[in-house]
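Visitor: No letters, just coordinates:
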């Protein structure tokens, strides 16, 4: 009787957990090693586009996610004075994307993913280091504080500062600063309804997305030097930059406490990897293709990676061939999305008044002359269809 193959996933984020579920359903024994003591994402939401929802459908989780999420209705893009530059409707989004966008708190999604794994699979508070990527004839080795773990497959899902990526490709350029920093917060909704929107200003962006539980996920970005912090707190920084922008932005800032606000410099991997595997190790998510958040696709692409990896890594075939198939499927698509996200970032972070005025006029004109053109421009991203996972069994949890 053949021994069940063992996969070790380094990183317990959304991509790592999704990969573990896919591998488990396709016949692998899985162990997820997460260095944080608990999986409790702070102050952040995530928008799931139809492409990642279809990937979750393969795992039998799509309907559960949609039931917990707020479905994005009418909305669009605004200027800081409140003027609409682009108006979109739920029906138009459905037609352009082949589905709708949904929004939920990251903690909600993480909880759902954890529940789909065997209880013994997840190990938090565990630092892990790839010490041997393995080969056709040698298993990979992951070192933890409790000793070495041999694995038939290792998944590097350890984020933008991936130590697994560095171990596999030590000479590859690291992610670089994209030129702007980002804030994220989740606060109670103000006392009135409003459409979800993204607001483009001069050198910065604000986004407001209602959640199903009555709270609001908001995010903001601004061009700033790398590594900065507000001496009087991040709430004061947001007030300085956004308090004169349209409602409900000032009210949302007022509802936040400093401890509610998460600030991170935005970095991306501008030099793409030529492949996402070496030996018995595969990279996914930010470890493989860190991108700016301007298209809202970072988490979505990690979920795609996970399902494609599980498809290619089904037990019973040559692993080297399977991982080469994974790289071939993912590198071209994710490389193009990283580039598109970078271009979108440059557009939304213009800093001179003439450039901002020209951008806003162009976007408004194009939208008026060619309705839904903005939505259709992203259809190549959202129209993606996932492969199936051989021998997947749903409904265990």
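Guide: Received it, and whenever you're ready, just let me know what you need. Small disclaimer: the values here were computed from a predicted structure and weren't measured.

Visitor: Run through the helices of the chain in chain order.
Guide: Using DSSP state H, the helices assigned to the chain run over residues 14-25, 50-58, 62-68, 90-97, 106-115, 163-168, 234-242, 249-255, 286-289, 298-312, 319-348, 353-369, 373-377, 379-382.

Visitor: would you turn the ones you listed into CSV with mean neighbour count?
Guide: (Each C-beta comes from the backbone N, C-alpha and C, glycine too.) Putting the helices of the chain into CSV (neighbours: other Cβ atoms under 10 Å) gives the following:
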stretch, mean neighbour count
helix 14-25, 28
helix 50-58, 24
helix 62-68, 16
helix 90-97, 17
helix 106-115, 19
helix 163-168, 21
helix 234-242, 19
helix 249-255, 19
helix 286-289, 28
helix 298-312, 27
helix 319-348, 18
helix 353-369, 13
helix 373-377, 16
helix 379-382, 18
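
Visitor: any chance of these in TSV, plus distance to residue 175?
Guide: Converted to TSV, the helices of the chain look like this (distance: least, Cβ to Cβ, whole Å):
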stretch	distance to residue 175
helix 14-25	16
helix 50-58	22
helix 62-68	28
helix 90-97	28
helix 106-115	21
helix 163-168	10
helix 234-242	22
helix 249-255	29
helix 286-289	8
helix 298-312	12
helix 319-348	10
helix 353-369	26
helix 373-377	26
helix 379-382	21
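
Visitor: If you average pLDDT over each of those, which is lowest?
Guide: Looking over the helices of the chain, mean pLDDT reaches its minimum on helix 373-377, with a mean of 70.

Visitor: roughly how far apart are the nearest residue to residue 379 once chain neighbours are set aside and residue 269?
Guide: The shortest distance from residue 379 to any residue other than its chain neighbours is 5.5 Å, reached at residue 96 (Cβ to Cβ, 6 or more residues apart in numbering). Distance check for residue 96 against residue 269: by Cβ to Cβ, to the nearest Å, it reads 28 Å.

Visitor: and what of residue 307?
Guide: 21 Å.

Visitor: Show me which residues of stretch 27-38 are buried.
Guide: 27-35 (16 or more other Cβ atoms under 10 Å).

Visitor: At the geometric centre of this protein, which residue do we find?
Guide: Nearest to the centroid of the C-alpha atoms of the chain, with distances taken as Cα atoms, centre = their mean, sits residue 299, at 1.6 Å.

Visitor: does it really touch residue 49, like I thought?
Guide: No: with contacts defined as Cβ atoms under 8 Å, residue 299 does not count as touching residue 49, sitting 9.6 Å away.

Visitor: okay, now residue 260: neighbour count?
Guide: Here the count is done by other Cβ atoms under 10 Å, and residue 260 has 15 residues near it.

Visitor: Just give the closest residue to it, not the sequence neighbours.
Guide: Using Cβ to Cβ, 6+ apart, the nearest residue to residue 260 is residue 185, at 5.1 Å.

Visitor: what does residue 298 give?
Guide: With Cβ to Cβ, 6+ apart as the measure, residue 291 is the residue that lies nearest to residue 298, at 5.6 Å, once sequence neighbours are left out.

Visitor: Run through the residues that contact the one you found.
Guide: For residue 291, the set of contacting residues under the criterion of Cβ atoms under 8 Å, 6 or more residues apart in numbering consists of 268-269, 297-298, 301, 334, 337-338, 341-342.

Visitor: what pLDDT does it get?
Guide: You'll see residue 291 listed with a pLDDT of 98.

Visitor: what's the answer for residue 99, then?
Guide: Residue 99 is assigned a predicted lDDT (pLDDT) of 81.

Visitor: which residues touch the nearest residue to it once chain neighbours are set aside?
Guide: Of all residues not flanking residue 99 in the chain, residue 50 sits nearest, at 3.0 Å (Cβ to Cβ, 6+ apart). For residue 50, the residues meeting the contact criterion (Cβ under 8 Å, 6+ apart) are 97-101, 382-383.

Visitor: cutoff 10 Å now
Guide: The contact partners of residue 50, by Cβ atoms under 10 Å, 6 or more residues apart in numbering, come to 57, 62, 93-94, 96-102, 300, 379, 381-385.

Visitor: State the distance from it to residue 71.
Guide: Going from residue 50 to residue 71 by Cβ to Cβ gives 12 Å.

Visitor: swap in residue 139?
Guide: Between residue 139 and residue 71 the computed distance is 45 Å (Cβ to Cβ).

Visitor: try residue 208
Guide: Residue 208 is 16 Å from residue 71, by Cβ to Cβ.

Visitor: Residue 70 contacts residue 90, doesn't it?
Guide: No: because the distance of 11.6 Å does not satisfy Cβ atoms under 10 Å, residue 70 is recorded as not touching residue 90.

Visitor: any common contacting residues for these two?
Guide: Taking Cβ under 10 Å, 6+ apart as the contact criterion, the residues that touch both residue 70 and residue 90 are residue 101.

Visitor: okay, now residue 85: neighbour count?
Guide: The number of residues packed near residue 85 is 22, by other Cβ under 10 Å.

Visitor: Now do the same contact list for it.
Guide: Contact partners of residue 85, counting by Cβ under 10 Å, 6+ apart, are 76-79, 197-200, 359-367, 374.

Visitor: what does residue 58 give?
Guide: Contacts were defined as Cβ under 10 Å, 6+ apart; by that measure residue 58 touches 21-22, 25, 306-308, 310-311, 385-389, 392, 394.

Visitor: Which member of those is positioned nearest residue 330?
Guide: Compare each of the contacts of residue 58 with residue 330 using Cβ to Cβ and the shortest gap goes to residue 308, at 5.9 Å.

Visitor: Please verify my assumption that the closest one contacts residue 323.
Guide: No: Residue 308 sits out of contact with residue 323 when judged by Cβ under 10 Å, with a separation of 11.1 Å.

Visitor: Name the residues contacting each of these two.
Guide: Any residue near both residue 308 and residue 323 by Cβ under 10 Å, 6+ apart counts here, and that gives residue 282.

Visitor: related to what we said a few turns ago, just checking, the residue nearest to the centre of the chain touches residue 106?
Guide: Yes: the pair formed by residue 299 and residue 106 meets the contact definition of Cβ under 10 Å, at 8.1 Å.
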